[in-house]
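Visitor: Fold the following.
(chains A and B, ligands or ions: 1)
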Amino acid sequence: MIRRALILSAVALALAISAKAADLSYDLTPQEVAPGTYVLEGTREYFTRENGGNIVNTAFIVTNEGVVVIDNGPSKRYGEELRAAIARVTDKPVLRVIVTHLHPDHFLGGQAFEDVPVGATAATRAGIAEEGTMVTENLYRLSGDWMRGTETVVPSETLEDGQVIKVGGHTLRLLELSGHTESDLVVMDETTGVLFASDLVFHDRAPTFPHADIAVWLESLDTLQALDFKVLVPGHGPVTRDAGPIEQTRAYLQWLNGALREAAAGGREITEVIRMPIPPEFADMDLVRDELTRSVLTLYPELARDSLPPASN
Amino acid sequence: MRLSSLASLALAVCLAVSPAGASDVTDPLDSVVWDYVHEQLLNGEPVVFDDRVQVFAPEKVEDGRMVPVSVRADGIPDVKQILVLGDLNPIPRAVMLEPIKARPFIALRMKVNEGTAIRAAVKTGDGVWHLGGTVVQAPGGGCAAPRLVADGGNWEDHLGEVRARAWRTVDGADRLRLMIHHPMDTGLVDNIPEFFLDRLTITNAAGEEVARIQAWSAMSTNPVLTLEIAPDGVTAPGTAYAVSGVDSDANEVSASIPAPSQTMPPPPLQEAMR
Ligand SMILES: [Zn+2]
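Guide: Sure, this is the predicted structure:
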């Protein structure tokens, strides 16, 4: 009797869970930011079981021949909903997907695009092949049921720095920069003037540093600012028509870099550094204290080590 | 400060009235293993939850192999020992400081095997443990995960090497920061036996032992420790502190830390968190 009750409740629970899974939807709404160019802006949050990882900007360009997609989102479900959102805008086929870098919110929608070429730089392809399974597991933990069925798909073809893709009347110039990760692929649509800046640019949302090199990142920001763009699509945060987000990201990186070096030279330990005051100009950035803590845990140990001279006898 | 911390503080103040001998006190951190911690790690000795024992750690970490923790127990007289432990760790103790002529302060980085209460137990001369703590959320596997770093695989070449420096604080103490190259194997991974830095002693140039440390393998790989030597224990200008220690395989550690030439800038105004 007890056994049967248990089985029944297990069935009920399974039904409840699957009903809940079926209800999940990202409600993706493409915003046209330039002619034929659409951005799906994520929330300025960290991965949660409420947002399902929709914390990232993805984009697509509808050309005369078909659609080019830039990043495919944080889960299989997102990829499928992105594909459906594209189909609501145009009946042209998806021609290709460009993955900007190896962070999971940018490539885990890959299963929805396995029928088209998915391009990324050699370094990004290698990084996804190496770390993909681990980061996917991590997202299952953070985003929960939204991740159901998601598996890592390693991009199928290699894109090169300086490569020009001419498609359906658009000229897309690719730049392989780095600093946010070892390889950050930026897409400049020379036809519309839209710059897809990848996670080299954050806007009103604190930058993240799990694979970052701040000095290199700062150089990449200078490269981006020198480009002739009309519309700037950051990796996270709202689209603009000026270089404001580049300047904001640069200012934050410069402050963080200086503050961490000063703390290390002054003999501070991590527990003190994560509580340091945040300048008022960054205080309104979403997640700034959480991301500062994550950044310090990633970046500070090496700086702290370097601040201590050899002392062995 | 979070509401739950406020509640714990309120509770701590109530409980601070009289030390409790047996495990008849309510743990403000609500840990399921509190009785075990009290009976086995604190020998069932009298305890009080005391808000003067401040424990700082991030609210959550993504990598349980390196959780920074610092403890301050200013205002508690006659501190004999500060024990830092993680309730749910398979190796709960991380470090124990005897602050002979040091301030009741220690900062370290430790492993946590899962989300857990992190506590500091401060033992005073009257035999009472004064407890403070915080809760850290973490994914599983810090103690049972491979080493965080091991010098590109050739840690044997650097075993026991010390990097260290002293800073003079604005109020006349010496802050010492040390990093000791050591794998700190827990014995819980890949059949690698437990192998860890065991003890360290710090002596000033007058020959006075100013601090003694007992370490456990729950400290992170390449342990980093921060201590503050009180003004009456600082080494004279132009001299150096001597660091001597031994690991669990009887390998010796020996280093010297010159007296500080530089005063630490006053701490930046820190925001009230936790
Ligand atoms: Zn990223």
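Visitor: what residue ranges in chain B score low on pLDDT?
Guide: Applying pLDDT under 70 to chain B picks out residues B:1-24, B:146, B:148-153, B:267-274.
Visitor: residues from it in reach of chain A?
Guide: Neighbours of chain A within chain B, by Cβ under 8 Å from any Cβ of the partner chain: B:56-58, B:61-63, B:66, B:68-70, B:107, B:109, B:139, B:160-165, B:167, B:175, B:177-179, B:224, B:226, B:243, B:254-257, B:264-265, B:267-271, B:273. Heads up, the C-betas are built off the backbone N, CA and C, glycines and all.
Visitor: which of those are buried?
Guide: Taking 16 or more other Cβ atoms under 10 Å in any protein chain shown as the criterion, what is buried in the residues of chain B next to chain A is B:56-58, B:61, B:63, B:66, B:68-70, B:107, B:109, B:139, B:160-165, B:167, B:175, B:177-179, B:224, B:226, B:243, B:255-257, B:264, B:268.
Visitor: From the ion, how far out is the residue of the stretch 101-250 of chain A found nearest chain B?
Guide: In the stretch 101-250 of chain A, the residue that lies nearest chain B is A:Arg141 (6.4 Å; Cβ to the nearest Cβ). Per Cβ to the ion, to the nearest Å, A:Arg141 is found 18 Å from the ion.
Visitor: number of nearby residues for that residue?
Guide: By the criterion of other Cβ atoms under 10 Å in any protein chain shown, A:Arg141 has 13 neighbours.
Visitor: A:Ser25 too?
Guide: With other Cβ under 10 Å as criterion, A:Ser25 counts 10.
Visitor: Give the full set of residues in contact with A:Pro93.
Guide: A:Pro93 makes contacts with A:Gly66, A:Val67, A:Val116, as judged by Cβ atoms under 8 Å, 6 or more residues apart in numbering or on different chains.
Visitor: mind putting those residues in a markdown table, secondary structure, neighbour count and distance to B:Ala145 included?
Guide: Formatted as a markdown table, the contacts of A:Pro93 follow (DSSP: H, G, I helix; E, B strand; the rest coil; neighbours: other Cβ atoms under 10 Å in any protein chain shown; distance: Cβ to Cβ, whole Å):
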| residue | secondary structure | neighbour count | distance to B:Ala145 |
| --- | --- | --- | --- |
| A:Gly66 | coil | 16 | 45 |
| A:Val67 | strand | 24 | 42 |
| A:Val116 | coil | 18 | 38 |
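Visitor: can you list the residues you listed in JSON lines and add distance to chain B and pLDDT?
Guide: Listed next are the contacts of A:Pro93 as JSON lines, based on distance: Cβ to the nearest Cβ, whole Å; pLDDT from 0 to 100:
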{"residue": "A:Gly66", "distance to chain B": "39", "pLDDT": "98"}
{"residue": "A:Val67", "distance to chain B": "35", "pLDDT": "98"}
{"residue": "A:Val116", "distance to chain B": "33", "pLDDT": "97"}
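Visitor: With distance to the ion as new columns, can those be given to me in CSV?
Guide: Listed next are the contacts of A:Pro93 as CSV, based on distance: Cβ to the ion, whole Å:
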residue, distance to the ion
A:Gly66, 27
A:Val67, 23
A:Val116, 23
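Visitor: so which of these comes closest to A:Thr240?
Guide: For A:Thr240, the nearest member of the contacts of A:Pro93 is A:Val67. The distance, counting by Cβ to Cβ, is 23.7 Å.
Visitor: is it true that that closest one touches A:Val94?
Guide: Yes - shown here, A:Val67 and A:Val94 form a contact pair, counting by Cβ atoms under 8 Å, at 4.7 Å.
Visitor: Between the contacts of A:Pro93, which sits nearest A:Val233?
Guide: Nearest to A:Val233 among the contacts of A:Pro93, with distances taken as Cβ to Cβ, is A:Val67, at 15.9 Å.
Visitor: dump the residue contacts of that closest one.
Guide: By Cβ under 8 Å, 6+ apart, the residues touching A:Val67 are A:Phe60, A:Ile61, A:Ile86, A:Thr90, A:Lys92, A:Pro93, A:Val94, A:Leu95.
Visitor: ok, the nearest residue to the first one once chain neighbours are set aside - how many residues close by?
Guide: Translated: A:Phe60. Leaving out its chain neighbours, the residue that sits closest to A:Phe60 by Cβ to Cβ, 6 or more residues apart in numbering or on different chains is A:Val69, at 4.7 Å. Other residues lying near A:Val69 total 26 when counted by other Cβ under 10 Å.
Visitor: Kindly report the same for the one 3 residues further on.
Guide: For A:Asn72, the number of neighbouring residues by other Cβ under 10 Å comes to 30.
Visitor: That one and chain B, how far apart?
Guide: 24 Å (Cβ to the nearest Cβ, to the nearest Å).
Visitor: what about that residue, distance to A:Leu108?
Guide: 8 Å (Cβ to Cβ, to the nearest Å).
Visitor: Show me whatever sits in contact with both of those two.
Guide: Contact with both A:Asn72 and A:Leu108 is made by residues A:Tyr78, A:Gly79, according to Cβ under 8 Å, 6+ apart.
Visitor: that older thread, pull up the overlap in contacts between A:Val67 and A:Val94.
Guide: Joint contacts of A:Val67 and A:Val94 (Cβ under 8 Å, 6+ apart) are A:Phe60, A:Ile86.
Visitor: Just want the residue of the stretch 1-150 of chain B that's nearest chain A.
Guide: B:Pro68 (3.6 Å).
Visitor: is stretch A:296-313 anywhere near chain B?
Guide: Yes - Stretch A:296-313 reaches chain B (Cβ under 8 Å from any Cβ) through A:Leu297, A:Pro301, A:Ala304, A:Arg305, A:Ser307, A:Leu308, A:Pro309, A:Pro310, A:Ala311, A:Ser312, A:Asn313.
Visitor: on that earlier part again, tell me the one of the contacts of A:Val67 nearest A:Tyr38?
Guide: Nearest member of the contacts of A:Val67 to A:Tyr38, counting by Cβ to Cβ, is A:Phe60, at 5.4 Å.
Visitor: Quick check: which ranges of chain A have low pLDDT?
Guide: Residues of chain A meeting the criterion pLDDT under 70: A:1-22.
Visitor: Now with 50, please.
Guide: Applying pLDDT under 50 to chain A flags residues A:1-19.
Visitor: Those residues of chain A touching chain B, which are they?
Guide: Checking chain A against chain B by Cβ under 8 Å from any Cβ, the hits are A:138, A:141, A:266-272, A:274-278, A:289, A:293-294, A:297, A:301, A:304-305, A:307-313.
Visitor: do you know how far the residue nearest to A:Phe60 is from the ion?
Guide: Counting by Cβ to the ion, the gap from A:Val69 to the ion is 17 Å.
Visitor: My reading is that that residue is in a strand; is that accurate?
Guide: Yes - with DSSP: H, G, I helix; E, B strand; the rest coil as the criterion, A:Val69 is located in a strand.
Visitor: mind listing what it touches?
Guide: Contacts for A:Val69 (Cβ under 8 Å, 6+ apart) come out as A:Thr58, A:Ala59, A:Phe60, A:Leu82, A:Ile86, A:Val94, A:Arg96, A:Val97, A:Ile98, A:Phe113.
Visitor: Only the buried subset of those, as a PyMOL command please.
Guide: Selection of the buried residues among the contacts of A:Val69 in PyMOL, burial being defined by 16+ other Cβ under 10 Å:
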select buried, chain A and resi 58+59+60+82+86+94+96+97+98+113
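Visitor: Which ones among the contacts of A:Val69 map onto helices?
Guide: A:Leu82, A:Ile86 (DSSP state H).
Visitor: Which one of the contacts of A:Val69 is nearest to the ion?
Guide: A:Thr58 (12.6 Å; Cβ to the ion).
Visitor: Now do the contacts for that closest one.
Guide: The neighbours of A:Thr58, taking Cβ under 8 Å, 6+ apart as the test, are A:Val39, A:Leu40, A:Gly42, A:Val69, A:Ile70, A:Asp71, A:Asn72, A:Gly73, A:Leu82, A:His106, A:Gly109.
Visitor: check contacts around the residue in the stretch 1-150 of chain B that the ion sits nearest to.
Guide: Scanning the stretch 1-150 of chain B for proximity to the ion using Cβ to the ion identifies B:Glu62 as nearest, at 14.7 Å. For B:Glu62, the contacting residues are A:Asn138, A:Arg294, A:Leu297, B:Ala138, B:Pro139, by Cβ under 8 Å, 6+ apart.
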